Each structure stands twice: as structure tokens, then as C-alpha cells.
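> got a predicted structure plus its sequence, pasted below:
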Amino acid sequence: SLNLIKNAEKIILADIEPDAISIFASVLIDAAKRGVEVRIKAYVPVTLSGVHVTLREHAPYIHEKSKDTSFSICADGFEFVTAMLSHDTLSIIQAFRSNSALMNMIIHNYILYGQVLTDLKKQIKNNDFKQAKMTLETTEHLHPLSTENIVFQHFKNRYTI
């Protein structure tokens with residue numbers, strides 16, 4: 001998972017539960033320093049220099065319902081990993097890693113729309129329509145099909161569509 005982040009060139013999208021943040025924090029910051037756009041959805045307040053963090057409010061209550069720690073990370077639409085670890089992060093319960101262009105398109109969109117929806121729900125609830133509009137504008141380039149970004153290019157090159 002760390003090499004996936006270290007090898008990213010353009011965009012990293014991630015959804016990382018609290019107990020897994022420390023595993024990835026330094027390599028996410030390093031990726032941002034290299035000029036990679038790094039956007040994560042976090043479930044506790046966290047500050048990672050150069051990383052756009054979407055905070056899911058009321059998350060501790062949600063995570064108390066399970067005894068695991070999960071994360072999903074997609075890099076450039078080229079490779080992704082999604083895993084469920086034991087709560088102490090020492091054991092893998094289940095994990096998937098793939099460079100399938102189809103699965104990367106799906107995971108990229110899943111993470112992207114989770115981040116956008118989380119931000120929009122909070123902004124609209126607070127009647128902050130200016131910020132909601134800004135969220136839509138600043139994420140527009142991340143949508144693979146409408147902008148034919150790097151994720152779409154990997155998909156297109158793999159399947160010659």
C-alpha cells in the first residue's frame with residue numbers, strides 16, 4: 001500500500017479509518033510534496049500538510065459498531081488497495097489489490113463521490129452554498145468520464161475503447 005502511494009504521479013484518493021491514518025500519513029504528505037493531488041476522507045480531525053481532508057462528522061459512533069479498521073486507496077486510477085484490518089491493525093482480515101482499469105475506475109469513483117457527498121451534506125446543512133459550489137468546482141477535474149483525466153486514460157488504454 002505504501003508503494004502504491006509512493007508511485008503515484010497525479011492523484012491519490014483515499015478513504016481511511018482512524019486507526020489506519022498513522023500507517024499512511026507520512027507517505028501521503030510526501031506524495032503531496034511531490035505535486036500529487038492527495039484527497040482523503042477521514043473520520044477524525046487530522047492535519048496532513050498539503051493533503052485535502054474531507055472529515056466525516058459523527059464517525060466515532062459509526063466505527064464503534066465494528067471491531068475492524070478499513071481503508072481504500074486509489075492511485076492514478078492505475079492501482080488500488082482496499083483492506084479490512086483487525087482493530088489493532090496487526091492482522092489482515094481481508095484485502096484486495098488490483099491494477100485492473102475497470103476496478104480502479106469503480107474504486108476511484110466510489111471514493112470521489114463519497115468525499116464530495118460528505119462535503120456537500122455538511123455545507124448544504126449549514127446553508128453554505130458558496131462553499132458547496134466551490135466543492136463542485138474544485139473536484140470537477142477528478143471525474144474520469146467527463147474530464148477524460150488520468151483515470152479515464154488508463155481505462156481507455158487498457159480496453160482500447
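Right, received. Where do you want to start? Numbering: from 1, shown residues only.

> by mean pLDDT, point me to the weakest helix or strand of the protein.
helix 59-63 (a mean of 67; mean pLDDT, DSSP states H and E).

> moving C-terminal of that one, what's the next helix or strand?
strand 68-75 (DSSP states H and E).

> now the angle between strand 68-75 and the longest helix along the chain, please.
The longest helix of the chain (DSSP state H) is helix 101-125. Helix 101-125 and strand 68-75 meet at an angle of 110 degrees, taking axes from the mean of the first three to the mean of the last three C-alpha atoms, to 10 degrees as the criterion.

> buried residues in helix 101-125, which are they?
In terms of neighbour count (16 or more other C-beta atoms under 10 Å), helix 101-125 has its buried residues at 101, 103-105, 107-112, 114-116, 118-120, 122-123. All C-beta spots, glycine's among them, are computed from the backbone N, C-alpha and C.

> list the buried residues of the next helix or strand after that helix.
Note on helix 101-125: by DSSP H and E, the next helix or strand toward the C-terminus is helix 129-139. The neighbour-count criterion (16+ other C-beta under 10 Å) identifies 132, 135, 139 as the buried residues of helix 129-139.

> return the member of the residues you listed nearest to residue 86.
Nearest to residue 86 out of those is residue 139 (C-beta to C-beta; 32.9 Å).

> dump the residue contacts of the closest one.
Shown in contact with residue 139 (C-beta atoms under 8 Å, 6 or more residues apart in numbering): 112, 115, 116.

> excluding its backbone neighbours, what's nearest the second one?
For residue 115, the nearest residue in space outside its immediate sequence neighbours is residue 54; the separation is 4.4 Å by C-beta to C-beta, 6 or more residues apart in numbering.

> please identify the helix or strand for the one you found.
Short version: residue 54 belongs to strand 52-55, going by DSSP H and E.

> just list what that strand packs against, helices and strands only.
Under the contact criterion of 3 or more C-beta pairs under 8 Å, 6 or more residues apart in numbering; DSSP states H and E, the helices and strands touching strand 52-55 comprise strand 37-42, helix 101-125.
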